[in-house]
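A.B. asks: could you work out the structure for the sequence below:
(chains A and B)
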Number of protein chains: 2
Amino acid sequence: MDLLMIPGPVQLHERIIRAMARQMIGHRTKEFSEIMDYCIKMLKECFGTKHDVFIISGSGTAGMEAAIASFSKVKRITCIDNGKFGDRFVRIAQRYTEVDALRFEWGSSIDLDAVEKSLANGSEAVAFVHNETSTGILNPAKEIAKIAKKYDALVIMDGITSVGGDEVRMDEWGIDVAVVGSQKCLGAPPGLSAVAVNERAWEFYNERCPFYLDLMAYKKKSKDLQTPYTPAVPLFFALHEALKIIEEEGLENRIRRHRTFAKAVREWALSLGLELFPKLNEYSRYSNTVTAIKMPNGITDKELRGTLKSEYKILISGGQEHLKGKIFRIGTMGNITKRDVLATLAGLEDVLRRKEIIGESALDVAMDILDEI
Amino acid sequence: MDLLMIPGPVQLHERIIRAMARQMIGHRTKEFSEIMDYCIKMLKECFGTKHDVFIISGSGTAGMEAAIASFSKVKRITCIDNGKFGDRFVRIAQRYTEVDALRFEWGSSIDLDAVEKSLANGSEAVAFVHNETSTGILNPAKEIAKIAKKYDALVIMDGITSVGGDEVRMDEWGIDVAVVGSQKCLGAPPGLSAVAVNERAWEFYNERCPFYLDLMAYKKKSKDLQTPYTPAVPLFFALHEALKIIEEEGLENRIRRHRTFAKAVREWALSLGLELFPKLNEYSRYSNTVTAIKMPNGITDKELRGTLKSEYKILISGGQEHLKGKIFRIGTMGNITKRDVLATLAGLEDVLRRKEIIGESALDVAMDILDEI
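C.D. replies: Model (predicted):
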């Protein structure tokens, strides 16, 4: 069995595995509504919102599309693309309205002046990815929302891989709509997404959006703590347990742990002479949930990740699309432990060492940082 | 723990419960593709097709919308509504194209002349529900497809509650697109749907359909036995096991078992003097997976279903929408046993007996029929 150190699906805590091993219940029951009630309450905390949260039986992409399509009554939307999931926002939004696609080289930072120019030019909404896992960059959510406010634009944020693992303060930052996926920092299995929506977003409601992803239908049913269509019940059992684990750990502790894990990976990589992939500017940061590292000379993707998998049973990710073979990515999301992080770095060192790509070990650098928590 | 005798989600076989209790695997792996491979192979058998089958992480409604939206390049579609799910087809299709909604009173049969007239009038597609669980009727799939053929119209069938439990011969009948849900006759938990698509359907492909439900994206990835977006992995584990159970039982035996169970419920009800809800014509049949019975005088829905649940821990369904309180419905889908059927009928008899609604027991009638298998 492989240890999953990819940016989702993440390794499951055994409590979450056990939570799924249950007989089905009717979904139009009080028992199901109680599960919904708790999930919504905890998700609000993770999003940093007092507004509505709706849970969709579908992947993060379903959540992204629900967010875009339900609120697509805009004459133009600015979609920021500095990675695969930014590009996905462009592709989704193009099915509903005119899109100003602000494209930045994958791995580079967002130019906020370009965002402002696009909004000044008449876009009524902006969509962006908070934590871009394809490149390992954390985009400046607060700053983008601040600019959007000046132009009264709707702000839609993909928080799929930040919510529950990094700081997200939706209401405080001025984000109108945000999305999370179950199988990332929340630590649950894949198959659910949640969309947080404030009151203002409904001004942009488009009743011609897809039936299954129509958030108005979810809103109507949410009063009874129900879903409009049959929910993926076992995944709700799992999400419920995953959120209990978050409550027990404490969201602040959890965020600190995620930040420490990512920092340990980064400092370890830099100490070995490896290069981090993202090019930061003054507003962007390295991701606190996934680290993207340039593939060093002298080893192929297949050798690096293949050996780690076959010999160490550890799964990390490669690059996506045109980044295939050029970077590798280590996810440090969810309910993993210091042991998992250290084992991954040690395994990687062994693979790199045998290829004579690195000299001395840098595990002590990682240990020092991990010892902070 | 309640015994689920509702038309989905169904009671899970313990093997299926255990199948979900697994650590996550990476979904871009050979291991996941092998699961896909088996699921697709078995689903093709259940649909009665040699064409493509795509699995969507979403409820049956997501599957219905994927079927309608992906193939909505038609100037008009005829949607047949003789129950809640027929009505759902109307509502979904209205978001994509002009709809000729053929509405028949819920519980009544489809007038095939009206279907022919609508198609002769220029509809390029027809959508209908095979097994309408809201009313307990089996609509004439083969006959509708035959009429559609005359006008070269695309045929889209909701087989959500028939595929895997009743006879479906998609290719032979001339159905172009069909949908199934995981939590019905297939016996798996809710959260997945599958859409079977023949080559001809692609003539009607609309590239402006929702991104998440765009079956072209599924088709492209299916060559690698992959899904375009992150799949709900635990539900694939469960579906895989559910389909193994179907293979072991044998699809023909399974269909015979479903038919026998539904017949036992019907004959039992009639022997007690209860009335079946559907009004059949020469083409329609009683559903073989759910039985809808008129609520007898002298008892309320709450008394009937409430007592059955509180005292016997058996969950059956009431009527939906305007049928609330007027009918009750007994699902006999999936991996339930003769014991479950008999326990449900016995429990119901006790509830009705105490209200002096029935005289002598009719359990022997049910037993005689159940003994056929």
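A.B. asks: quick check: closest non-adjacent residue to whichever residue of the stretch 51-200 of chain A sits closest to chain B.
C.D. replies: In the stretch 51-200 of chain A, no residue comes nearer to chain B than residue A:191, which is 2.7 Å away by CB to the nearest CB. Quick note: C-beta positions are derived from backbone N, CA and C, even for glycine. Spatial nearest neighbour of residue A:191, excluding adjacent residues (CB to CB, 6 or more residues apart in numbering or on different chains): residue B:232 at 2.7 Å.
A.B. asks: tell me which residues touch the one you found, please.
C.D. replies: A:57, A:59, A:189, A:190, A:191, A:192, A:232, A:235, B:57, B:191, B:192 (CB atoms under 8 Å, 6 or more residues apart in numbering or on different chains).
A.B. asks: before we move on, what about residue A:358?
C.D. replies: Taking CB under 8 Å, 6+ apart, one finds A:272, A:273, A:274, A:349, A:352 in contact with residue A:358.
A.B. asks: how about the strands in the stretch 201-350 of chain A?
C.D. replies: Using DSSP state E, counting those that start in this stretch, the strands of the stretch 201-350 of chain A run over A:285-286, A:290-294, A:314-315, A:317-318, A:327-331.
A.B. asks: can you tell if the third one touches chain B?
C.D. replies: Yes: under the criterion of CB under 8 Å from any CB of the partner chain, strand A:314-315 makes contact with chain B via residue A:315.
A.B. asks: can the host helix or strand of residue A:353 be found next to chain B?
C.D. replies: In the assignment (DSSP states H and E), residue A:353 maps to helix A:338-354. No: applying CB under 8 Å from any CB, one finds helix A:338-354 separated from chain B by no less than 12.7 Å.
A.B. asks: tell me which residues are up against the helix or strand just after that helix.
C.D. replies: Using DSSP H and E, the helix or strand that follows helix A:338-354 towards the C-terminus is helix A:363-370. With CB under 8 Å, 6+ apart as the test, helix A:363-370 has contacts from A:260-261, A:263-265, A:267-268, A:271, A:338, A:341-342, A:345-346, A:349.
A.B. asks: how long is stretch A:245-258 from one end to the other?
C.D. replies: 15 Å (CA to CA, to the nearest Å).
A.B. asks: next, see if it gets close to chain B.
C.D. replies: No: against chain B, stretch A:245-258 shows no contacts by CB under 8 Å from any CB, the least distance being 15.1 Å.
A.B. asks: could you check the angle the longest helix along chain A makes with helix A:363-370?
C.D. replies: Ordering each helix of chain A by length in residues (DSSP state H) puts helix A:251-271 first. Here helix A:251-271 runs at an angle of 160 degrees relative to helix A:363-370 (axes from the mean of the first three to the mean of the last three CA atoms, to 10 degrees).
A.B. asks: what's helix A:251-271 packed up against?
C.D. replies: strand A:290-294, helix A:338-354, helix A:363-370 (3 or more CB pairs under 8 Å, 6 or more residues apart in numbering or on different chains; DSSP states H and E).
A.B. asks: closest one to residue B:309 among the ones you listed?
C.D. replies: helix A:338-354 (44.3 Å; CB to CB).
A.B. asks: show me how far the closest one is from its chain's centre.
C.D. replies: Distance of helix A:338-354 from its chain centroid, counting by CA atoms, centre = their mean, to the nearest Å, is 24 Å.
A.B. asks: just stretch A:243-251 next, same as before
C.D. replies: Using CA atoms, centre = their mean, the offset of stretch A:243-251 from its chain centre is 18 Å.
A.B. asks: can you give me the end-to-end distance of stretch A:278-286?
C.D. replies: Per CA to CA, stretch A:278-286 runs 7 Å from first to last residue.
A.B. asks: give me the contacts around it.
C.D. replies: With contacts defined as CB under 8 Å, 6+ apart, stretch A:278-286 is touched by A:107-112, A:135-140, A:143, A:262, A:266, A:276, A:287, A:292.
A.B. asks: picking up where we left off before, adding mean pLDDT and mean neighbour count, write the strands of the stretch 201-350 of chain A out as JSON lines.
C.D. replies: Rendered in JSON lines, the data for these read as follows (pLDDT from 0 to 100; neighbours: other CB atoms under 10 Å in any protein chain shown):
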{"stretch": "strand A:285-286", "mean pLDDT": "98", "mean neighbour count": "16"}
{"stretch": "strand A:290-294", "mean pLDDT": "98", "mean neighbour count": "25"}
{"stretch": "strand A:314-315", "mean pLDDT": "98", "mean neighbour count": "22"}
{"stretch": "strand A:317-318", "mean pLDDT": "97", "mean neighbour count": "20"}
{"stretch": "strand A:327-331", "mean pLDDT": "98", "mean neighbour count": "26"}
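A.B. asks: so what pairs up with residue A:294 in the strands?
C.D. replies: Beta-bridge pairing for residue A:294 (DSSP bridges): residue A:327.
A.B. asks: now for it: which residues touch it?
C.D. replies: Contacts for residue A:294 (CB under 8 Å, 6+ apart) come out as A:274, A:275, A:276, A:277, A:326, A:327.
A.B. asks: as TSV, those with distance to residue A:159 would be great.
C.D. replies: As requested, those are exported to TSV (distance: CB to CB, whole Å):
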residue	distance to residue A:159
A:274	28
A:275	27
A:276	22
A:277	21
A:326	26
A:327	23
